[in-house]
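Peer 1: quick check, what structure comes out for this input:
(one chain, ligands or ions: 1)
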Amino acid sequence: MAYNDFRMDNQWLPFTPNRAFQKDPRVFVGADGMYFTTHDGRQIIDGISSLWCVGAGHNRKAINEAIKAQLDTLDYSTAFSVSNDKAFRAAEMIAAMAPGDLNKVLFCNSGSEAADTSLKVALAYHRARGEGHRNIFIGRERGYHGVNFGGMSVGGIPANRKVYGAALLPRVDHLRFIHDPVNHAYIHNQEPVWNEDILLELENRILPLHDPSNVAAVIVEPVAGSAGWYIPPQGYLKRLREICDKHGILLIFDEVITGFGRLGTPFASDYYGVQPDMLNFAKAVTNGVIPMGGVVCSDRIYDAMMGAHGSAPEHAIEFFHGYTYSGHPVACAAAIATLELFQQENLFARAGEMGPVLGDAAHSAIKGLPNVISIRSLGLAVGIELASIPGLPGKRAYDIFLDCYHRGVLVRNAGENLVFAPPYIVEREQIDTMVNVLADAIKRHA
Ligand code: PMP
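Peer 2: The predicted model follows:
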């Protein structure tokens, strides 16, 4: 099939029903601020920050100019045994923003790479301290940590895992999901309350199965993003921190979605007042403009890894890991400009202010509509779960996504959920448009 002047059948689209797409192509050719321009000349509101990335909105001149200037100065340099000025500055800014003693940044190129990097750091750290037997990871049901083998293994979205069976990491267990469908149906800018049972599940159910002294790390998204924006119960993350500390287990927060302002704070760690041992980031760090990810590790982890090499010759590599594009100067220039822009325009605070506006609008327009099972809003994001069509999982949300697209709004369908997570620059009228278009589509697909 051809469309305009290019073929449409050579790109195998990621996470997309490709056969259906060929019949109803949705192609962007431009973007500015809150809007995309489509191949047929229409404007579409970016209701999802292009998959949680574009916090500052599209086509930000300061970021574009920084990238162009970097291309003209130092286009690329390897990061192995040499480095570049922008990588150090970007790391300095990220470390300054990250909580507590999270000061050592390992750069990579995506959230998936960040997940696998953090799991490798955990194993290497324990081994460096003479506890190489700690090789079990604990993730959570419906968690998402990307599509590489480590992240997929600790992740808990069945569709992401089921084809790969025995190829997944062997020593992994999962905490149960953090949503009580009865009592947490409507959550708006509050932490749901649940019983001690779920707060102590790690201690009481999971760890006894494995012997805590064999567990390397627990990895969770502070708020479950890809599952559809599910908010942890009050005290949940604090309890994970306490239990991990008690047993010498590392705690990894995957902040690929929650990092850089989505909750109105730099990180979810700040919002919840809980510091992990490693914090994974990607997406909004460059406003999505250039791929970048990373893991911020605590000084304690770094020092242990370096200390373990005390007697080894100095030319020996302490952590045998890295990517050709780790700390790419163009990506780092984009990150520096993005973080400066967030600061100059006070955009995290703006996300914090607009969050309740989005939540209010979604709850008042959508609560009570046919098939609506739950609405959860926190920070500048809201997830809406709908009853599935029997025998056709995900179809209702997918059809509603298509309907909204054709009416000028990009919403994210994730299983039975629809999610909004707009750029932090979003205006009230745009929120109203997004929510009303979605409400009408939900009614049409009743
Ligand atoms: N972790 C989380 C929490 C994510 O939301 C995502 C992407 N949605 C990833 C990891 C994977 O990131 P990427 O697609 O950049 O590999």
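Peer 1: contacts only, for the residue of the stretch 201-350 of the chain found nearest the ligand.
Peer 2: Closest to the ligand within the stretch 201-350 of the chain is V256: 3.6 Å, counting by Cβ to the nearest ligand atom. The C-beta positions use only the backbone N, C-alpha and C, and glycine is treated the same way. V256 makes contact with W52, G111, A114, G146, E221, G225, N280, F281, A282, K283, G293 under the criterion Cβ atoms under 8 Å, 6 or more residues apart in numbering.
Peer 1: out of those, which are inside strands?
Peer 2: N280, F281, G293 (DSSP state E).
Peer 1: dump the contacts of V256 into TSV; add neighbour count as well.
Peer 2: Formatted as TSV, the contacts of V256 follow (neighbours: other Cβ atoms under 10 Å):
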residue	neighbour count
W52	24
G111	28
A114	31
G146	24
E221	26
G225	26
N280	31
F281	29
A282	29
K283	27
G293	26
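Peer 1: these: which ones sit near the ligand?
Peer 2: The residues of the contacts of V256 that also fall near the ligand, by Cβ under 6 Å from any ligand atom, are G111, G146, E221, G225, A282, G293.
Peer 1: is it true that the first one touches A282?
Peer 2: Looking back up the chat, that one is G111. Yes - G111 lies in contact with A282 (Cβ atoms under 8 Å); the separation is 3.8 Å.
Peer 1: show me where the stretch 301-446 of the chain has its strands.
Peer 2: For the stretch 301-446 of the chain, strands defined by DSSP state E, counting those that start in this stretch occupy the ranges 372-377, 382-386, 409-410, 412-414, 417-420.
Peer 1: of these, which is nearest G130?
Peer 2: strand 412-414 (42.1 Å; Cβ to Cβ).
Peer 1: domain assignment for this protein?
Peer 2: For the chain, automatic domain parsing gives the domain ranges 2-56+346-444, 64-344.
Peer 1: how about the residue in the chain that the ligand sits nearest to, what does it touch?
Peer 2: Nearest residue of the chain to the ligand: G111, at 2.2 Å (Cβ to the nearest ligand atom). G111 sits next to H145, G146, G151, D254, V256, N280, F281, A282, K283, G293 when contact means Cβ under 8 Å, 6+ apart.
Peer 1: again, 10 Å this time
Peer 2: By Cβ atoms under 10 Å, 6 or more residues apart in numbering, the contact list for G111 reads 52, 144-148, 151, 226, 254-257, 259, 280-283, 291-294.
Peer 1: again, but for G259
Peer 2: 52, 55, 94, 97-98, 111, 222, 253, 265-269, 279-285, 294, 296.
Peer 1: kindly state the pLDDT recorded for it?
Peer 2: At G259, the pLDDT value in this model is 98.
Peer 1: how near is it to P17?
Peer 2: 29 Å (Cβ to Cβ, to the nearest Å).
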